[in-house]
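Undergrad: here is my input; please provide its structure:
(one chain, ligands or ions: 1)
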Amino acid sequence: MSDESQPATANSETRASEEPPKGKIGNLRMIWDRAIGYPKQITFAVIALFVASMSTLAIPWGFKNIIDEGFAANGTDIAPYFQQLLMVVAVLAVATACRFYFFSWLGERVVADIRLAVQRNLLRMAPSFFEENRPSEIASRMTADTAVIEQILGTTVSVATRNVVTGVGGIIILFILAPKLTAGLLIAIPVIVLPIVYIGRKLTNVSRSSQDRVADVGAMVAETLGAMKIVQAFGQEDREHRRFQGSVESTFDTAKRRIRLRATLTAIIIGLVFTGITMLMWRGAIGVAEGTISGGTIAFFVLTGGLVAGAFGALTEVYGDLLRGAGAAGRLAELLAAEPGIAAPKSPIALPVPPRGQISFDNVTFAYPTRTETAALKSFSLKVLPGETVAVVGPSGAGKSTLFQLAQRFYDPQSGSVRIDGVALPSADPADIRERMALVPQDTVLFAATARDNLRYGQWDATDEEIWEAARAANAEQFLRELPDGLDSYMGESGTRLSGGQRQRVSIARALLRNTPILLLDEATSALDAESEKLVQDALDKLMANRTTIVIAHRLATIRSANRIIVMDEGKIVEQGDHDSLIARNGLYARLAELQFNNGERSQPKISA
Ligand SMILES: Nc1ncnc2c1ncn2[C@@H]1O[C@H](COP(=O)(O)OP(=O)(O)OP(=O)(O)O)[C@@H](O)[C@H]1O
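TA: Below is the predicted model:
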């Protein structure tokens, strides 16, 4: 089995894309390095494996004895031979169970360890990592690739070792017992095994593309069901059905190829194996007639020959599995080895205590790593003093949210610096920086957990009293109390049980509980009704009091009460001042404000008052 032989047969697209280039088999070391951490289980697994293999080989031997000794001895002392055979079977059963248990245990444990290690490493990564590595792709590595590794450790390694032991052990015993017959068997085995392996491999390829087609069907069903309202609203039922039909029929066509191959393979296996057995028995019968061989030896031969042939047949599959495992291990190793682009320096500077809450951008120029050609911020400077509220306004894409990304040090600017309380962000530990800030994002992220856990996310030691206090301040108390189980109510996936305004108030309460000196507030643009808007604005006013706040403002009320309004366009500050002075300038702000006024008057007349 050379390195070259396997990829040469990999003729289907899926297989080619799934398998790593040759030479990557060394990736499997990562699995071994982790398995070695469990020496007790490895020892038990190996002992069980040897005992099971030996017992397997002992079964034909038992049959030989029964035929030669038991039957020949007038039936009187036949019992001990059957008893011996039964004992071997008992040992085989227990040893096989132990082998399965310990190998599977190792497989599952190593996979659990890898998943934990990968997730821990992913948690260190900066957002840019997830822009370059799609979360769905990472999720698939954490599930599909780890499943392959589980299979390698739990099954492949055990199958390989067992078959090597059974195959080699079987041949040795056969040679000792009947060298000539064994020589014949050694020629017969490849003649039987190779065609079966060849077709078997083709079958594996077709089965894999068959699985891919089934996955396509699944993806299409999920997509259509997920967008059912859109499908029906746009009257696209027939088109969706036709699209689905295409996918289903292509699945059927691939399945037809698979079942044709399988049928052929079955005929070939039955034909070759039984022809082989018949020829051996024929040859043996001649030996018995000549008196050179006993009847029991023939039985022994056929049984052991079957075991040896099966063992070599299974071994040829192992290499392909190992290559697949190496690919999976390589992809997981990449995730494990990834280094965060943003990390704490070796000796981070501690941020001043008590915190002042000053935040400054000094001549910052920044382009996102996936968009290096256009800068999101250009020579941007802004100093926000402790306790000050600065509202940032500007058209879509002006770079407002980017300010928050940099303030939290999710990215580092290409030039210029961002400082918190005078400390440049790269000199401090990112965890310390983020501990001083609370973020109220535009889209509230609610976890599939209880209301309590959603509220105290980031402040896990908060008491129920503190949680209610924050909820009250965020105008969230009433609806939270009305939930069926109060704080124990389950918010469900994405918190779908709450309205938009309620979700925002949960988000505000969460930020209040964090009680940080700096607040980054990205106001939701979604239009709220007048009452919700008022409730949310009241909550925000309480949240902003006595804190340094940068607010990306969409609501006029916030803009008016801000100490300072920054107007951004194309990554720069184009105007700043208070509401009245900016209106008087009659520039970009005046135009934006007019749009807001007009919209406000049209949809929410009371608010503009
Ligand atoms: N993760 C990202 N990767 C690449 N480019 C990005 C990324 N996020 C934002 N941008 C780009 O950077 C520029 C500034 O975006 P930013 O999100 O800061 O704008 P914004 O003023 O907050 O807009 P909006 O009001 O629509 O949220 C835009 O051109 C945007 O397309």
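
Undergrad: number of nearby residues for Thr204?
TA: Neighbours of Thr204 under the rule other Cβ atoms under 10 Å: 16. (Glycine included, C-beta is placed from N, CA and C.)

Undergrad: for Thr275, same thing?
TA: By other Cβ under 10 Å, neighbour count at Thr275 equals 13.

Undergrad: ok, Ser415 next?
TA: By the criterion of other Cβ under 10 Å, Ser415 has 11 neighbours.

Undergrad: for the ligand, see how far away it is.
TA: Separation of Ser415 from the ligand (Cβ to the nearest ligand atom, to the nearest Å): 17 Å.

Undergrad: and what of Leu521?
TA: From Leu521 to the ligand the distance is 13 Å (Cβ to the nearest ligand atom).

Undergrad: please name the nearest non-neighbouring residue to that residue.
TA: Val551 (4.2 Å; Cβ to Cβ, 6 or more residues apart in numbering).

Undergrad: am I right that that neighbour falls within a strand?
TA: Yes - assessed with DSSP: H, G, I helix; E, B strand; the rest coil, Val551 lies in a strand.

Undergrad: and it, what does it touch?
TA: Thr389, Val390, Ala391, Val392, Leu519, Leu521, Asp522, Glu523, Leu540, Met544, Thr558, Ala562 (Cβ atoms under 8 Å, 6 or more residues apart in numbering).

Undergrad: for Tyr81, same thing?
TA: Tyr81 neighbours (Cβ under 8 Å, 6+ apart): Gly62, Asn65, Ile66, Glu69, Gly70.

Undergrad: of all those residues, which comes closest to Glu237?
TA: Gly62 (66.0 Å; Cβ to Cβ).

Undergrad: off-centre distance for stretch 41-56?
TA: 33 Å (Cα atoms, centre = their mean, to the nearest Å).

Undergrad: which residues does that stretch contact?
TA: Residues outside stretch 41-56 that contact it (Cβ under 8 Å, 6+ apart): 35-36, 88-89, 91-92, 95-96, 98-99, 101-103, 105-106, 109, 158, 161-162, 165-166, 169, 307.

Undergrad: helix or strand for Lys346, just tell me which one.
TA: In this assignment (DSSP states H and E), Lys346 forms part of neither any helix nor any strand.

Undergrad: neighbours of Val157, how many?
TA: As a measure of burial, Val157 has 24 neighbours, counting by other Cβ under 10 Å.

Undergrad: which SS state does it fall under?
TA: Val157 - assigned by three-state DSSP - is helix.

Undergrad: how about Gly235?
TA: With three-state DSSP as the criterion, Gly235 reads coil.

Undergrad: what does the one 5 residues further on give?
TA: At Glu240, secondary structure determined by three-state DSSP is helix.

Undergrad: show the contacting residues for Ala590.
TA: Neighbours of Ala590 in contact, by Cβ under 8 Å, 6+ apart: Leu582, Ile583.

Undergrad: rounded mean pLDDT for the helix or strand hosting it, please.
TA: Per DSSP H and E, Ala590 falls inside helix 588-603. The average of the pLDDT scores along helix 588-603 is 68.

Undergrad: again, but for stretch 180-196
TA: For stretch 180-196, the per-residue pLDDT averages 80.

Undergrad: how about stretch 207-224?
TA: 81.

Undergrad: going forward, begin numbering at 42 instead of 1
TA: Understood, numbering begins at 42; the last thing we discussed is stretch 248-265.

Undergrad: please parse the protein into its domains.
TA: According to automatic domain parsing, the chain comprises the domains 55-218+359-380, 220-333, 402-477+558-650, 486-556.

Undergrad: could you dump these to TSV with distance to Pro389?
TA: TSV is the format used below for the domains of the chain (distance: least, Cβ to Cβ, whole Å):
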stretch	distance to Pro389
domain 55-218+359-380	15
domain 220-333	44
domain 402-477+558-650	4
domain 486-556	21
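
Undergrad: just to revisit the earlier point, which of the contacts of Tyr122 has the weakest pLDDT?
TA: Among the contacts of Tyr122, Gly111 has the weakest pLDDT, 68.

Undergrad: what pLDDT does the model give Ala93?
TA: So, for Ala93, pLDDT stands at 92.

Undergrad: next, count neighbours for it.
TA: 24.
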